[in-house]
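Student: just coords:
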Ligand code: ADP
C-alpha cells in the first residue's frame, strides 16, 4: 500500500482525490451477500461484514474471534476448512447449508486466499437469478466466436452471447485506443434503448488503479447500483492495521464516484469483464441493466470464461483483420499500378487518379491529392487547392523525410485548423526525382456528433483533470481531447505509401533514364554528323582547291594547242581540242561551286543586325544590269524587318534566288516578288520564333517530283544551254547558308505557274 493510499483511508472520496482512491481496500462490501475474513493460520474470524445480522441473525461483533462453528454444522465446517490449504487467489465455489440460520438455509460460498486472509463470501441462493446454460449453448457460442472473420464480428458475437446468458438490458464492448481512451465498438441491447455505438470516453474515465485491478480480477459485478456499502467490522485488519486487499473479492464495494456515474447514466446494475491481450487491458465487456439485477455466480463465472476465451482468440482475429486489410491494400496497389503502366509513365497522374482504384482507394482515408509539376489533382474530401499549396510549402520547409505523417496537422501548424474537418490526418510522400512534387492522403477529424437521449442533462463545462460523472460528460471531454485529431495512420498504411512512392519513383526514373539514353544517342549522332560534315567540307575544299591548279594547266595547254597547232591538225583534232577546253572550263566551274559550298560549311557566320530593306536595295544594285537585260521587275511587297544574320550570306541567298527566278522564266515580262509571309501562314511553324520570307516568280515552275532534288548538289533539271543554268550548286549553297542560320529553305510550285521559294530565319 502506498503512502497516498494510507492517507486517503477514512477520507471522503471527492472528484479531486478519486484518482488516488485506494479502491482495492475500501473496507466495505456490497450488501447482496456477507463476508467473513479468517486468519489464514488460526482460521479464526478476524473481520466480518456488518450485515451478518441480516443473513445470520448474528451481529458481526459476535463473530469476531470465533471459528466457523458459529455458522456451519461440524460436518460442513470440516469440509470447508479442509479446502483452506489449497486456496489461492483463484476462487473456489461451494454450496453450503447454514444450519441453524432460520429462513436462509442455503448459500453459495466463494472462497479465496489473499493478503494473508482467507476470504469467505456468502451469496444467498434463492435470490440468484438465471439458470446455468447447458453445454450445447456453450458449444454453439464457442463455435460462433471461432468462426468470426473480423474483430468486429467477433465482438458482436460476444456481446450477443453475454446478453443471452445474463439478460442484461445492454451489453457493450469498449475498446481502448493507444492513448487509453475508450470507444464502444459492439453492442447488444434492448430495442428501445438508445445506441451507444461510436461513443468515446477519455482515458481518465477509468483511473489507473482500476485498470491495474481489472488486469487481476476479470469480472466485477454490482447487482444494485443504489446500494449502501456495508463496512467491515472492524474496518482494519488487526494484523496489518488496514483494511484487507479486496482485489479478488466478489463483494468488494466500489468507489462512490463510480456509483454516482452509474446512477447518472441510469444504470441499476452492472457487470464488467476484462478483455486482456498480452498482459494489457485491450477492452471491456460492460453490462448494464436499468433496474437492479442479480446474476448467479455460475453465470458470472461463465461470462468470465467467455471473456478469457475472447482474450485468447483476440490475437488471431486481429491478425485476420490486419491480413485482410493488408491483402486489400496490396491488391488495390497492384491494380493501381496496372493503370499507371497502361497510362504510360508520362501520364502517370492520370494512372493514379483516373480509374478505380485510385490512390485514394488503396487504404481508408477521406481524400487524396497528386501534386505534380505545379498541377494539383484532388480526389475525395481535401483542403482547397490554395490550402494544399500552402501545405506543400510547409512540407518542403519542415518535413524533409520521404514519407511524412501526422494525425494532427493543426498541432504542428496552426494553419491546419482551417481544414481540420477534412484533413487533420495527413500522409505526404515526396516524389524522389522531383522536389516539390507530392502524393498526399487526408483523414478527417475523428470527432463526430452523437445524439444523446434524455434532454434533462446539460453538458457541463469541464475542467482539466476532472472526473466525469456521466457518459455524455465523458464524451464531451473526449471530444475536447481529440479536437483537431484524426484516427491514427496504421503501420500497414504507411508501408503502402512507402511502396507506392518507390514504385512511382521507379517508373519515373525509367522514363528519365530512357530520355537520357535517347538524348545521349542523339548527341552522339549529332557529333558524328557534324564530324562527317566537317570532313566532307574539308575534303571538298582540299580537293577542289588542289584540283583547280592542274585543271587550269590542262585548260591553258588546250588553249595553247588550239592557238599554236590548229593548222597542223585536221578538223577532227581541232574539234576534240575545243571539247577539251569546254569540258575543262565546265569542270572548273563545278570545282568553283564545290569550293563555295565547302566554304559555307567551314566558315563561321558573322552575325549582325541587317535591315533587309537596305540589303535588298544592295542586291538590286548588283543585279540591276541583268534585271534590265531580262526585263525583270523586282517588287518588294512591303517594309521588311531587321534581322540578325550574316550580311554576305543573306545577300547570296537572295541573289541566288533572284538569278534563278530570272533564268527559269520564259515570259517576256518577268516578275519577282519578295516579302515576309503573313503571320497566319505556316501555323506549324512557331511564328513567334521565326521570320518567313518568300521569293516568288512567274516563271516555268517546278514539277512536284523534283522539288526536293533541286536542293541537292549539282542537281539540275535543265541543260545549261536551255535556260543558261549554272552547275546545279546554287540552291544547295543557298540552302546550306539558310540552315547555317538555323532556318530552312523550301519551294512551293506548280509547273507553268511560277515558283515561290520560302526560307526562315530565327528571330
Ligand atoms: P543552277 O545553277 O542550275 O541554277 P540551282 O541549284 O540554282 O542550279 O537550281 C537547280 C535546278 O532547279 C535548276 O537547274 C532548275 O532546273 C531548277 N530551278 C531553280 N530555280 C528555279 C525557278 N525559280 N523556277 C524553276 N526552276 C528552278
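Tutor: Nice, I can see it. A quick note: this is a predicted structure, and the numbers were derived from the prediction, not measured.
Student: mind checking pLDDT for the nearest residue in space to residue 429 that is not next to it in sequence?
Tutor: Distance criterion C-beta to C-beta, 6 or more residues apart in numbering; nearest residue to residue 429, sequence neighbours excluded, is residue 501 at 4.1 Å. To be clear about C-beta, it is placed using only N, CA and C from the backbone, and glycine gets the same treatment. We have a pLDDT of 89 for residue 501.
Student: For residue 501, give me phi and psi.
Tutor: phi -60, psi -50 (degrees, to the nearest 10).
Student: Please apply the same query to the one 4 residues further on.
Tutor: Residue 505 adopts backbone torsions of phi -60, psi -40, taken as degrees, to the nearest 10.
Student: surely it meets residue 437?
Tutor: No. Contact criterion C-beta atoms under 8 Å: residue 505 and residue 437 do not qualify, at 10.3 Å.
Student: got a list of what residue 580 touches?
Tutor: By C-beta atoms under 8 Å, 6 or more residues apart in numbering, the residues touching residue 580 are 554, 558.
Student: separation between it and the ligand?
Tutor: 23 Å (C-beta to the nearest ligand atom, to the nearest Å).
Student: pretty sure that residue is in a helix, no?
Tutor: Yes. Counting by DSSP: H, G, I helix; E, B strand; the rest coil, residue 580 is part of a helix.
Student: Could you report the neighbour count for residue 305?
Tutor: Using other C-beta atoms under 10 Å, residue 305 has 16 other residues around it.
Student: Run through the chain and note the low-pLDDT ranges.
Tutor: Applying pLDDT under 70 to the chain picks out residues 1-20, 100-105, 126-133, 432-434, 448-471, 507-519, 529-536, 720, 725.
Student: Would you mind listing what in it touches the ligand?
Tutor: 660-661, 664, 697, 699-702, 710, 715-718, 725-732, 755 (C-beta under 6 Å from any ligand atom).
Student: In this structure the residue nearest to residue 429 contacts residue 402, no?
Tutor: Yes. Using C-beta under 8 Å, residue 501 makes contact with residue 402 at a distance of 6.4 Å.
Student: hang on, the earlier thing: separate out the buried members of the residues of the chain next to the ligand.
Tutor: 660-661, 664, 697, 699-702, 710, 716-717, 725-732, 755 (16 or more other C-beta atoms under 10 Å).
Student: what sits against residue 569?
Tutor: Applying C-beta under 8 Å, 6+ apart to residue 569 gives the contacts residue 577.
Student: What is the neighbour count of the residue of the stretch 201-350 of the chain found nearest the ligand?
Tutor: Nearest residue of the stretch 201-350 of the chain to the ligand (C-beta to the nearest ligand atom) works out as residue 346 at 43.1 Å. If you count neighbours by other C-beta under 10 Å, residue 346 ends up with 11.
Student: Can you report how many residues lie near the residue in the stretch 51-200 of the chain positioned nearest to the ligand?
Tutor: As assessed by C-beta to the nearest ligand atom, the ligand sits closest to residue 150 within the stretch 51-200 of the chain, at 83.9 Å. By other C-beta under 10 Å, 14 other residues sit near residue 150.
Student: Name the nearest residue to it, sequence neighbours excluded.
Tutor: residue 321 (5.3 Å).
Student: hmm, back to that, is it fair to say the residue of the stretch 201-350 of the chain closest to the ligand lies in a helix?
Tutor: Yes. Assignment of residue 346 by three-state DSSP places it within a helix.
Student: Contacts only, for the residue nearest to residue 429.
Tutor: 402, 403, 429, 430, 431, 432, 439.
Student: Which strand residues bridge the last one?
Tutor: If I follow you right, that is residue 439. Note on residue 439: beta-bridge partners by DSSP bridges are residue 370, residue 429.
Student: give me the number of residues near it?
Tutor: Number of residues near residue 439 (other C-beta under 10 Å) recorded here: 21.
Student: how near is it to residue 386?
Tutor: To residue 386, residue 439 is 19 Å away according to C-beta to C-beta, to the nearest Å.
Student: ok, now the fourth one?
Tutor: Residue 430 sits 20 Å away from residue 386, taking C-beta to C-beta as the criterion.
Student: Same drill for these two, tell me which one is more crowded.
Tutor: Legend: neighbour count by other C-beta under 10 Å for residue 430 and residue 386, higher for residue 430 (22 against 9).
Student: give the contact list for the closest residue to that one other than its chain neighbours.
Tutor: Distance criterion C-beta to C-beta, 6+ apart; nearest residue to residue 430, sequence neighbours excluded, is residue 438 at 5.5 Å. Applying C-beta under 8 Å, 6+ apart to residue 438 gives the contacts 369, 371, 392, 395, 428, 429, 430, 431.
Student: Closest to residue 551 out of the residues you listed?
Tutor: The shortest approach to residue 551 among those belongs to residue 431, at 67.0 Å (C-beta to C-beta).
Student: nearest residue to the closest one other than its sequence neighbours?
Tutor: residue 437 (4.3 Å).
Student: distance of residue 484 from the ligand?
Tutor: In terms of C-beta to the nearest ligand atom, residue 484 sits 79 Å off from the ligand.
Student: care to break this structure down by domain?
Tutor: Using automatic domain parsing, the domain parsing of the chain gives 23-125, 344-447+483-517, 449-480, 518-603, 604-762.
Student: Show me the strands in the stretch 351-500 of the chain, by range?
Tutor: Secondary structure of the stretch 351-500 of the chain (DSSP state E, counting those that start in this stretch): strands at 367-372, 375-380, 403-406, 425-430, 438-443.
Student: what about residue 311, neighbour count?
Tutor: If you count neighbours by other C-beta under 10 Å, residue 311 ends up with 18.
Student: okay, now the nearest residue to it once chain neighbours are set aside: neighbour count?
Tutor: Leaving aside its sequence neighbours, residue 311 sits nearest to residue 276 (C-beta to C-beta, 6+ apart; 4.8 Å). Other residues near residue 276 come to 20 when the count uses other C-beta under 10 Å.
Student: For residue 276, give the beta-bridge partners.
Tutor: Going by DSSP bridges, residue 276 forms beta bridges with residue 281.
Student: For it, give its distance to residue 443.
Tutor: 29 Å.
Student: got it, and residue 191?
Tutor: Taking C-beta to C-beta, one finds residue 191 at 34 Å from residue 443.
Student: and what of residue 71?
Tutor: 62 Å.
Student: So residue 573 belongs to a strand, correct?
Tutor: No. Using three-state DSSP, the secondary structure at residue 573 is helix, not a strand.
Student: Going forward, count from 317.
Tutor: Got it, the first residue is 317 from now on, which makes the last one we talked about residue 889.
Student: That one: what's it in contact with?
Tutor: Contact partners of residue 889, counting by C-beta under 8 Å, 6+ apart, are absent.
Student: Appreciated, that's everything.
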